[in-house]
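Student: Provided below for reference: sequence and predicted model.
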There are 2 protein chains.
Amino acid sequence: MKNHVTIKDIARELGISTSTVSRALSDAWDVKRETRDKVLETAKKLNYRPNPNARNLQNKHTGIIGIIIPEFVSSFFPNVVLGIQEELARENYRMIISQSNENREQELENMRVMEEYLVDGIIMSVTNEGGNEAEYRNLMDRGTPMVFFNRCPSIKVSKVLINDADMAELAVDHLIDTGRRNILHLGGPVNLSITPMRAEGFARALTKAGLDPEGKVRTAGIFIKDGREAMQRIIDSGEPLPDAIFAFNDPVAIGAMKALKAAGKRIPQDVAIVGFSEGSMATVVEPQLTTVLQPMKEMGREAARLLIRQLKAERHVEPRTVYLDATLNVRDSSVAAE
Amino acid sequence: MKNHVTIKDIARELGISTSTVSRALSDAWDVKRETRDKVLETAKKLNYRPNPNARNLQNKHTGIIGIIIPEFVSSFFPNVVLGIQEELARENYRMIISQSNENREQELENMRVMEEYLVDGIIMSVTNEGGNEAEYRNLMDRGTPMVFFNRCPSIKVSKVLINDADMAELAVDHLIDTGRRNILHLGGPVNLSITPMRAEGFARALTKAGLDPEGKVRTAGIFIKDGREAMQRIIDSGEPLPDAIFAFNDPVAIGAMKALKAAGKRIPQDVAIVGFSEGSMATVVEPQLTTVLQPMKEMGREAARLLIRQLKAERHVEPRTVYLDATLNVRDSSVAAE
DNA sequence: TAATTTTTCGCAAACGTTTCCGTTCCGGAA
DNA sequence: TTCCGGAACGGAAACGTTTGCGAAAAATTA
């Protein structure tokens, strides 16, 4: 089938040794300028492509970075991956992506496959089931560096996340500024690392405004369904309706909106809604959703940078946590259109 | 760093040669059952993992399939990739994904990288810019088999697509059945292979119902913005408003809905809307969108199967085109909720 | 001019497998 | 007893690179 031209072909063509060709190709110092140019020239002429397998067999590394994300059906992770790809490409790393489908077992399986294929490192965001901390440790101890983003385990490891607490606080500040007082937080899954962070920012904002956060947090989840059900429970409970909702993420916010609209409530007049982690649906719902836009690509870039730093380091490098800032996009779901 | 155990370690441990170990591992016929078991046992004990580089260096293939998709921010392509992954995994192929960002140049670059990396084959969906047909040919002639899905070039090659024309016809039939007579089609980009197919189904349905498709097709695009602008042009033109819209895809449908609602029109009472290629936004918009649900995972699986068939074949295999059926999900945008 | 250094290159081993080709050992047939 | 054939295994080459070491040629210094 395909018969690729090798370093030997170049050597034969020029009547020199393969070692010289190799050195010329890798721009070594001990090869004459003239011969190097000739090598480069005939390499181009013959359309030479280095064989990555042979190269990696020598170098003991594959040049491949594994990416494991919970899903890529929502737009968040794909956007992060874009950033990762951008940064990896400039360092000539390639990536293989796999998705754990929010499933702890699948995540483990993906890790195994990636280790088997000798990825140089792994960038991942954990399943909302959590619980694989020990395996992360093992994998890293066995020599595969890891960097986490967005959803991170509670172990000591490099992470990049947005300043969830601060951004949540900012979002709730916005609700308070526009006159809301009875604000509820529809929180995420309890075992997700970011869940308490957003709740904390929520509480901080309330406290700062002299409001009591006690009892204002309800666990919802991460899907539209979760938000709708949580909101429905509140409506059915007969307790006085809040005048604002700070949701764990956009789908939960949208679910809450659905429940409220079904109950005949007006948004934002009766209840203002703020989401988190802006996705493609934010401008599609009606009213358009006020939400926190995360710097997704930047997050990916930063994660890639952290990993590359570890890969290039001679000796052990201390894990580092990078916090990124997000922005609040104010839309009609929190402030009535004029 | 990481020091993987090799076939030699097993050989030394057992006092046999590496060739025997290799044969035992690959289940060759000329190795005694007893020694094979011992090899397998110590392999497991030492946690042996074959080095893919060494193996591929011998076998002249990488076991990697390249996936090139225009984007993975919408949910369509990721879902297809899920199907691909499923099928490839069972044949022990891995994949590397890259995205062309709807950019012809980027697509070419991705192809180059993949060829350089010696992927065994490529599964791709072309950019909406099109125009790389010659390069596909070259790549294939140089020995890398390709399979296309959804967006396919007009050259002779294996493809898997849904029966666009038939499904479009079905969707428009539905509009006609519910009493619509003045139906417009907001079409896709002219250089996309599926654009004329959907337009054809549209025309067939009209003709079948005794309506004249002449002048009923307007070019829109693929994004929300495209749909809104196209619809706005129609509204501004002063021509009598259609009583139904068959959009090229969901975003275009949603864009049209936005323009109509902004103009004070009611959906579906004044104008019914049907989209295509159901995405995550279909049930988020209001009213919820009637649209054609494509069998995304199945599409991926089928593409993978086609490619694997080519890879396993000894000699040339004829390109094949596989058509898949979709389903019409009827929602409130085309039929008023009772 | 001789001695020494520098430049430039080739040889060969190595990376971890697979696989072709032998070799040894055995039982059975002649 | 000799010969043959099969079973089970080892030796070694090969895949396409990289790289340490040494050697020849050129340039510098004494």
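Tutor: That came through, no problem. Note that the structure is a prediction, hence the values are computed from the model and not measured. Numbers count the residues shown, from 1 in each chain, chains lettered A, B, ... in the order given.
Student: going forward, measure contacts between C-alpha atoms and count neighbours the same way
Tutor: Noted.
Student: buried residues in stretch A:126-142?
Tutor: A:V126, A:T127, A:N128, A:G130, A:Y136, A:R137, A:L139 (16 or more other Cα atoms under 10 Å in any protein chain shown).
Student: how far does it sit from the chain's center?
Tutor: 16 Å (Cα atoms, centre = their mean, to the nearest Å).
Student: that one and chain B in contact?
Tutor: Yes - Stretch A:126-142 comes into contact with chain B when judged by Cα under 8 Å from any Cα of the partner chain, the residues involved being A:R142.
Student: now do the end-to-end distance for that stretch.
Tutor: Stretch A:126-142 has its terminal residues 19 Å apart, counting by Cα to Cα, to the nearest Å.
Student: residues in contact with it?
Tutor: For stretch A:126-142, the external contacting residues (Cα atoms under 8 Å, 6 or more residues apart in numbering or on different chains) are A:69-70, A:100-104, A:107-108, A:115, A:145-146, A:148, A:151-155, A:189, A:191-192, B:2.
Student: for it, what does the pLDDT average out to?
Tutor: Confidence over stretch A:126-142, taken as the mean pLDDT, stands at 90.
Student: and stretch A:304-314, by the same measure?
Tutor: When pLDDT is averaged over stretch A:304-314, the result is 88.
Student: now it: buried residues?
Tutor: Taking 16+ other Cα under 10 Å as the neighbour-count basis, stretch A:304-314 is seen to contain the buried residues A:A304, A:R305, A:L306, A:L307, A:I308, A:Q310, A:L311.
Student: then stretch A:283-302?
Tutor: Of all the residues in stretch A:283-302, those buried under the rule 16+ other Cα under 10 Å are A:284-302.
Student: returning to that earlier point: which among the buried residues of stretch A:304-314 are in contact with chain B?
Tutor: Checking the buried residues of stretch A:304-314 against chain B (Cα under 8 Å from any Cα), there are no matches.
Student: kindly reformat those residues as CSV containing secondary structure.
Tutor: Putting the buried residues of stretch A:304-314 into CSV (DSSP: H, G, I helix; E, B strand; the rest coil) gives the following:
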residue, secondary structure
A:A304, helix
A:R305, helix
A:L306, helix
A:L307, helix
A:I308, helix
A:Q310, helix
A:L311, helix
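Student: need those residues in JSON lines (columns: distance to A:Y323).
Tutor: Formatted as JSON lines, the buried residues of stretch A:304-314 follow (distance: Cα to Cα, whole Å):
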{"residue": "A:A304", "distance to A:Y323": "14"}
{"residue": "A:R305", "distance to A:Y323": "14"}
{"residue": "A:L306", "distance to A:Y323": "12"}
{"residue": "A:L307", "distance to A:Y323": "15"}
{"residue": "A:I308", "distance to A:Y323": "18"}
{"residue": "A:Q310", "distance to A:Y323": "18"}
{"residue": "A:L311", "distance to A:Y323": "21"}
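Student: return the member of the residues you listed nearest to B:F276.
Tutor: The shortest distance between B:F276 and any of these, using Cα to Cα, involves A:A304 and amounts to 36.4 Å.
Student: which one is the closest one nearest to, not counting chain neighbours?
Tutor: Distances taken as Cα to Cα, 6 or more residues apart in numbering or on different chains place A:I84 nearest to A:A304, at 5.4 Å, with adjacent residues excluded.
Student: contact partners for A:T18?
Tutor: Taking Cα under 8 Å, 6+ apart, we find A:T18 in contact with A:I7, A:K8, A:I10, A:A11.
Student: leaving out sequence neighbours, find the closest residue to whichever residue of the stretch 151-300 of chain A sits closest to DNA strand C.
Tutor: Residue nearest to DNA strand C within the stretch 151-300 of chain A: A:V157 (27.7 Å; Cα to the nearest atom of the strand). Distance criterion Cα to Cα, 6+ apart; nearest residue to A:V157, sequence neighbours excluded, is A:P319 at 4.9 Å.
Student: what helix or strand does A:I65 sit in?
Tutor: In this assignment (DSSP states H and E), A:I65 forms part of strand A:64-69.
Student: output the contacting helices and strands for the helix or strand following that strand.
Tutor: Next along the chain after strand A:64-69, taking DSSP H and E as the criterion, comes helix A:76-90. Under the contact criterion of 3 or more Cα pairs under 8 Å, 6 or more residues apart in numbering or on different chains; DSSP states H and E, the helices and strands touching helix A:76-90 comprise strand A:94-99, helix A:296-312.
Student: centre of the chain to the next helix or strand after the first one, how far?
Tutor: Moving toward the C-terminus from strand A:94-99, the next helix or strand (DSSP H and E) is helix A:104-116. Mean C-alpha position of helix A:104-116 versus that of the full chain (Cα atoms, centre = their mean) differs by 18 Å.
Student: and what of stretch A:265-273?
Tutor: Using Cα atoms, centre = their mean, we find the averaged C-alpha position of stretch A:265-273 to lie 31 Å away from the chain's own average C-alpha position.
Student: just the C-alphas of the helix-or-strand element of chain A with minimal mean pLDDT, formatted as PDB.
Tutor: The element with the least model confidence among the helices and strands of chain A, by mean pLDDT, DSSP states H and E, is strand A:94-99, at a mean of 82. Once non-C-alpha atoms are left out, strand A:94-99 reads as follows in PDB (Å, rounded to 0.1, in the frame of the first residue of the first chain):
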ATOM      1  CA  ARG A  94      -1.400  16.000  19.100                       C
ATOM      2  CA  MET A  95      -4.400  14.900  21.100                       C
ATOM      3  CA  ILE A  96      -6.800  12.100  21.300                       C
ATOM      4  CA  ILE A  97     -10.100  12.800  22.700                       C
ATOM      5  CA  SER A  98     -12.400  10.500  24.500                       C
ATOM      6  CA  GLN A  99     -15.500  11.000  26.500                       C
END
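Student: and the helices in the stretch 101-250 of chain A, which stretches?
Tutor: All helices of the stretch 101-250 of chain A, identified by DSSP state H, counting those that start in this stretch, fall at A:104-116, A:133-141, A:164-177, A:194-208, A:224-237, A:250-262.
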